[in-house]
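Asks: Make a model of this:
(chains A and B)
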Amino acid sequence: KAGVTQTPRYLIKTRGQQVTLSCSPISGHRSVSWYQQTPGQGLQFLFEYFSETQRNKGNFPGRFSGRQFSNSRSEMNVSTLELGDSALYLCASSPSEGTGSLWTGELFFGEGSRLTVL
Amino acid sequence: KQEVTQIPAALSVPEGENLVLNCSFTDSAIYNLQWFRQDPGKGLTSLLLIQSSQREQTSGRLNASLDKSSGRSTLYIAASQPGDSATYLCAVGSNYQLIWGAGTKLIIKP
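Replies: Got it, this is the predicted structure:
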């Protein structure tokens, strides 16, 4: 069974640009969540999608957005990039389907997309 | 506000030793607690998931315990190996969020 796939793995952007990251969950998983990991702030929750609906959202500005497609694949977008957006962006899928699956079910992570903003 | 702390931040031990990593949380009203492993530049691998009603979980050489009343979880690694070198993170499901510790960087010396 294929794991969680994130693309691209590495990318470099300049301030003011926008970026789109993609995540394909494990087959059959309908919950996809996104996280930002930086040396200073550690892991922080961005948002979670289930059946194309955003169920939960972390404390990030509106420049960070996401969506989920009918095949459960998810994308996140960051507009007007800032230097502080440089981070490892991780996607996780979960087999749990309950409303609280984000924090009750087991999470399976992708390798991440490392974004560098110059 | 739930806060999760992991101590120590880094640990270096010789191969073969048994070791304990600690995770503490401030609010005992949790749904579950998960331990993850992260290799440099990689994603996270789930090691053990303990639901709030459970006291411990075991997988191979790993054993994780949960004591909600004291706000603590420990990850016990038996007979450590160089391949166990990684950063270990705990995450607590609480108050409709997933709260992460900063991690313990573990180095096992051959």
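Asks: which bits of chain A sit near chain B?
Replies: Taking CB under 8 Å from any CB of the partner chain as the measure of proximity, chain A contacts chain B at A:4, A:6, A:33, A:42-45, A:56, A:58, A:88, A:90, A:92, A:100, A:102-112, A:114. All C-beta spots, glycine's among them, are computed from the backbone N, C-alpha and C.
Asks: partners of the spatially most central residue of chain A in the sheet?
Replies: Among the residues of chain A, the one closest to the centroid is A:W34, at 2.7 Å (CA atoms, centre = their mean). Beta-bridge partners of A:W34, counted by DSSP bridges, are A:F47, A:C91.
Asks: Just list the residues touching it, thanks.
Replies: Residues in contact with A:W34, defined by CB atoms under 8 Å, 6 or more residues apart in numbering or on different chains, are A:C23, A:F45, A:L46, A:F47, A:E48, A:G66, A:S74, A:M76, A:Y89, A:L90, A:C91, A:A92.
Asks: Do I have it right that B:I50 meets B:L33?
Replies: Yes - taking CB atoms under 8 Å as the definition, B:I50 is a contact partner of B:L33 at 5.1 Å.
Asks: what's the overlap in contacts for those two?
Replies: When contacts are counted by CB under 8 Å, 6+ apart, B:I50 and B:L33 have B:A64, B:L66, B:S73 as shared neighbours.
Asks: circling back to that earlier point, which of B:I50 and B:L33 has more residues huddled nearby?
Replies: B:L33 (28 against 20; other CB atoms under 10 Å in any protein chain shown).
Asks: Give me the number of neighbouring residues for the nearest residue to B:K109 once chain neighbours are set aside.
Replies: Closest residue to B:K109 apart from its sequence neighbours, by CB to CB, 6 or more residues apart in numbering or on different chains: B:P14 at 5.2 Å. Using other CB under 10 Å, B:P14 has 9 other residues around it.
Asks: B:P14 against B:D84, yeah?
Replies: No - using CB under 8 Å, B:P14 is not in contact with B:D84; the gap is 12.0 Å.
Asks: where do the contact lists of those two overlap?
Replies: Counting by CB under 8 Å, 6+ apart, the residues touching both B:P14 and B:D84 are B:I108.
Asks: From the shared contacts of B:I50 and B:L33, pick the one nearest chain A.
Replies: Set against chain A, the nearest of the shared contacts of B:I50 and B:L33 by CB to the nearest CB is B:A64 (13.1 Å).
Asks: Setting aside sequence neighbours, what's the nearest residue to that closest one?
Replies: B:A64 sits nearest to B:L48 (CB to CB, 6+ apart), 4.3 Å away.
Asks: Now list the buried members of the residues of chain A next to chain B.
Replies: With neighbours counted using 16 or more other CB atoms under 10 Å in any protein chain shown, the residues of chain A next to chain B contain these buried positions: A:4, A:6, A:33, A:42-45, A:56, A:58, A:88, A:90, A:92, A:102-105, A:107-112, A:114.
Asks: So what sits opposite the closest residue to chain A within chain B in the bridge?
Replies: Nearest to chain A, among the residues of chain B, is B:G93, at 2.9 Å (CB to the nearest CB). As for beta bridges, B:G93 partners with B:N32, B:L98 under DSSP bridges.
Asks: From B:D27, how far off is it?
Replies: 11 Å (CB to CB, to the nearest Å).
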